[in-house]
Every structure is written in C-alpha cells, then in structure tokens.
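Enquirer: sequence first, predicted coordinates after that:
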Amino acid sequence: MEKRNKMYRMSDKIAEIMGIPLNPSKRYRLAPDKAKRLKEIKAQQKNAFESTLDNGGFEFPENWSHGWIKDKSTSVFVRNQRPVDIDDIADKVNEAVGNALKDVTWKKGAGNPKSGNLFVPSIFDLHLGKLAWNQETGEDYDVKIASQRFRDALEDLIEKASGYKVEKILFPIGNDFFNSDKSIPFATTTKGTPQTDDVRWQKMFVMGIQLITEAVIRLSKIAPLEVKTVFSNHDHERVFYLGETINAVFKNEPGITIDNSPSVRKYFKWEQCLIGLAHGHNERPEQLPLIMAQECKEMWASTFYREWLLGHLHHKQRFVTQDSKDYRGVRVTYLTSPSAADAWHYEKAFTGAIKGAEGFIYNKDEGHIGSVIHNIR
C-alpha cells in the first residue's frame, strides 16, 4: 500500500509564501520536500511578541516562555508554545536506557519456590527533581542526592531481605517518583500546584528512566519480577509515560512483567495474601477495606491476609480496621519517604519524619511475616 503524505497545519500567509492554494481548514497534505520547506519557513517566522521586542530594540533568550505586549489601549499575555523536539527526547531516552544496559548481560534469578515468600521493595515519594537548599530548609536535596538515595535504599533493602530466600518480587514504581508533572510555563504537579525543580523536565524524566531500568535489572537477578505503576498527585502523567517506556524495554524479557494499566489502584494476589497499591491521596483509610472488597471480589474471597501499601503522607502510619462480621482485618500502611522537605514543607513545619524506605515479606500461607527498613539520617 502506498504511504500517504502527512497532514500539516499552516496559516494563510505561509501557504501563500509556499505557493499553495488556500484551504479554509488550514490543513494541508504535504510531500516530504514541501514539509521540509514548511519547517524551514516556520523556523524563520517570528510571532507578534518577538516582533514587538525586535522593533523596540530588546534582546530576549531563544527559549522564552511567556510575556506581555502592552500599549495605551491593549494588554495581551503571550505564551510561547513552541513544539517539543520529540526526536531529541527519544534520543535522550534511548541514551538513558543504553547507559543502564551498558555492558550488562545478566542472568535472571529463578527465586526459591520452596520459600513461598514474596518481596515487596517500596521506595515511595522520591520526588526526583525536587530542590531544597540547606540554608533554607536544613538539608540539601536535588536530583543527584535523590538518585543516590534511591540506589542506596534499594541495595540495603535487598541485602536485608536476602535471608528470606524469596520466590517472587513485586516492585511498585511511581508514588510521586517525579516531583512535577507539567513544565510550561513553570513546573507544577498534575493539578497545577507550583514546584521548585532543579533540572529541566526532560533531564528529570531521562534520569528517572535510567534509575528504574537499573532497579528492574537488579531485582530480576534475584527472582521473577512484577512491576506495577502507582499513579500519584505530583506526577500522574509522567509515571504513565515511565511505565510505557519500561514496558517497551523489558516486554520481551521472560520473568519480567510490567503492569502499566491506567487504574489508580492496583492489586496483587499471593496465594492467601491480597496486596492493594495506591498513592493514598484519593481515599480515606476507612474506605479502603470496602474499596478492596468491591474492586477485586474474587481475589478478596480467596485470600485471608489483606493489606494496603500507600505513600503521600511522607511518614509511617498504620491503621488496622476493626474486625466485623462482614470481613476480617485489613491493614492499611502509609510508608515513609526518602525525600527531604522543600521550602514550602519546611515553612509549614511538615518536618521531622524519619526518612527512608521499606521492604515487606509476605508468605503464601502465613501472610506478612517480616519487614526490612532502610533509614536515612
């Protein structure tokens, strides 16, 4: 089948420059040579804001984000929405994955089927990209510190859990793994709360891919691995993109399963154990047992031990629902975070929690039989 030319959108002025008959929809199907010419023309065009600055003799940076045009009768806010270079981002992603896989020929771990143990390393609320300054908050925090804390926590949890001789690993990723979700005109959470990031979003995303790729390889050397994305209030969209990227990298690797389904709550059944994963910003603790029972009826009915693992609060908190005639106890656990407080959290006195990460051991028949803890001083 002959490949069709792509559709492009252009103004009447550019169409006239290119000698193309005007189309009221302003959409045109262009051959590759015409498409190349269009790109060259657009690169040379200045928008109204840039032209106004030129006429006034002002200099401005190439990658400006927003500004105002003002005169005696008009005040217009302008946002520079130049397209992101997808090819450039793809190259950076490929480079990050390549760095993680560089010179790696790893033998996947078979696990220990006799143990019946599941290992759940939980490094929640990393906030990769967050900026904190020691003189303002009492502690420095940036992408380099966050990356090192993630790697240190993972290795420490693996070492401390080694005595359990695990059969399988469940690895939740997300849970405010990134500090922000949007970048234009400035860094914000998914719903628009401003954030102070220390790197450009592209670099943050690429570093995150490399961290998770390294972690998946490391854990898969121990036992068969299932990765589940947990969407959160700081980085809902970026975690989905991260999950799709990781799935593309490992989709053909036996012993590695990636669950990047769009549900904000995910479940995992380990014989008599049912584990619920969510970030914790949407649900109240007392709602979670019934939510679990309603959303996964069959798994609920065939399990005896049930627990929720949540982030969001950045400190350890545990609730056990009261036994009743309708259901047995469901443990709801909020986990601590390895992240430092930024200026806003310090100002509001959201400080003092012990920073770290946790790993949980679940036995097929005995339920939650152990925890390993990584503390950061």
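Expert: In hand now; what should we look at?

Enquirer: excluding chain neighbours, what is closest to the residue most central in space within the chain?
Expert: Centroid-nearest residue in the chain, with Cα atoms, centre = their mean: residue 239, separated by 2.8 Å. In space, not counting the residues next to it along the chain, residue 239 is nearest to residue 174; the distance is 4.0 Å by Cβ to Cβ, 6 or more residues apart in numbering. No exception for glycine: its C-beta is placed from N, CA and C like everyone else's.

Enquirer: got the domain ranges for the chain?
Expert: Per automatic domain parsing, the structural domains of the chain span 6-79, 86-376.

Enquirer: can you list the ones you listed in JSON lines and add mean pLDDT?
Expert: As requested, the domains of the chain are exported to JSON lines (pLDDT from 0 to 100):
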{"stretch": "domain 6-79", "mean pLDDT": "72"}
{"stretch": "domain 86-376", "mean pLDDT": "89"}
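
Enquirer: what's the most buried one of those?
Expert: Each of the domains of the chain was given a mean neighbour count from mean count of other Cβ atoms under 10 Å, and the largest, a mean of 18, is that of domain 86-376.

Enquirer: so who does the residue nearest to the centre of the chain touch?
Expert: Remark: with contacts taken as Cβ atoms under 8 Å, 6 or more residues apart in numbering, residue 239 is in contact with 173, 174, 177, 178, 229, 230, 231, 232.

Enquirer: helix or strand: which one has it?
Expert: Secondary-structure assignment from DSSP states H and E places residue 239 in helix 236-250.

Enquirer: with residue 268 instead?
Expert: Residue 268 is part of strand 266-270, with elements assigned from DSSP H and E.

Enquirer: what about the strands in the stretch 151-300 of the chain?
Expert: Counting by DSSP state E, counting those that start in this stretch, one finds strands in the stretch 151-300 of the chain at the ranges 168-174, 225-230, 256-259, 266-270, 273-277.

Enquirer: can you pull out the helices in the stretch 201-350 of the chain?
Expert: 201-220, 236-250, 288-295, 297-301, 343-347 (DSSP state H, counting those that start in this stretch).

Enquirer: kindly reformat those helices as JSON lines containing distance to residue 158.
Expert: As requested, the helices of the stretch 201-350 of the chain are exported to JSON lines (distance: least, Cβ to Cβ, whole Å):
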{"stretch": "helix 201-220", "distance to residue 158": "7"}
{"stretch": "helix 236-250", "distance to residue 158": "19"}
{"stretch": "helix 288-295", "distance to residue 158": "28"}
{"stretch": "helix 297-301", "distance to residue 158": "27"}
{"stretch": "helix 343-347", "distance to residue 158": "29"}
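
Enquirer: for these, which one sits closest to residue 4?
Expert: With respect to residue 4, and counting by Cβ to Cβ, the nearest of the helices of the stretch 201-350 of the chain is helix 236-250 at 26.1 Å.

Enquirer: relative orientation of that closest one and helix 201-220 in degrees?
Expert: Angular relation of helix 236-250 and helix 201-220 on a 0 to 180 degree scale: 50 degrees, by axes from the mean of the first three to the mean of the last three Cα atoms, to 10 degrees.

Enquirer: distance from helix 236-250 to the middle of the chain?
Expert: Distance, stretch centre to chain centre, for helix 236-250: 8 Å (Cα atoms, centre = their mean, to the nearest Å).

Enquirer: swap in stretch 251-260?
Expert: Centroid separation for stretch 251-260 versus its chain: 18 Å, with Cα atoms, centre = their mean.

Enquirer: can you give the contact residues for it?
Expert: When contacts are taken as Cβ under 8 Å, 6+ apart, the neighbours of stretch 251-260 outside the stretch itself are 108, 216, 220, 224-229, 240, 243-244, 246-247, 250, 266.

Enquirer: what ranges do the helices span in the stretch 1-150 of the chain?
Expert: 12-17, 32-44, 48-55, 86-101, 134-137, 143-161.

Enquirer: now those in TSV, with distance to residue 336?
Expert: Converted to TSV, these look like this (distance: least, Cβ to Cβ, whole Å):
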stretch	distance to residue 336
helix 12-17	55
helix 32-44	49
helix 48-55	46
helix 86-101	26
helix 134-137	18
helix 143-161	11
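
Enquirer: which one of these lies nearest to residue 376?
Expert: Each of these was checked against residue 376 via Cβ to Cβ, and the shortest separation belongs to helix 143-161, namely 6.4 Å.

Enquirer: alpha carbons only: can I get that closest one in PDB?
Expert: What follows is helix 143-161, C-alpha atoms only, in PDB (Å, rounded to 0.1, in the frame of the first residue of the first chain):
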ATOM      1  CA  VAL A 143      18.400  15.000  41.500                       C
ATOM      2  CA  LYS A 144      21.900  13.700  42.400                       C
ATOM      3  CA  ILE A 145      21.000  13.200  46.000                       C
ATOM      4  CA  ALA A 146      17.700  11.700  45.200                       C
ATOM      5  CA  SER A 147      19.200   9.300  42.700                       C
ATOM      6  CA  GLN A 148      21.800   8.200  45.200                       C
ATOM      7  CA  ARG A 149      19.200   7.700  48.000                       C
ATOM      8  CA  PHE A 150      17.100   5.600  45.700                       C
ATOM      9  CA  ARG A 151      20.100   3.300  44.700                       C
ATOM     10  CA  ASP A 152      21.300   3.100  48.400                       C
ATOM     11  CA  ALA A 153      17.800   2.200  49.600                       C
ATOM     12  CA  LEU A 154      17.300  -0.500  47.000                       C
ATOM     13  CA  GLU A 155      20.600  -2.200  47.800                       C
ATOM     14  CA  ASP A 156      20.100  -2.000  51.500                       C
ATOM     15  CA  LEU A 157      16.600  -3.500  51.300                       C
ATOM     16  CA  ILE A 158      17.800  -6.300  49.000                       C
ATOM     17  CA  GLU A 159      20.600  -7.200  51.400                       C
ATOM     18  CA  LYS A 160      18.400  -7.100  54.500                       C
ATOM     19  CA  ALA A 161      15.800  -9.300  52.800                       C
END
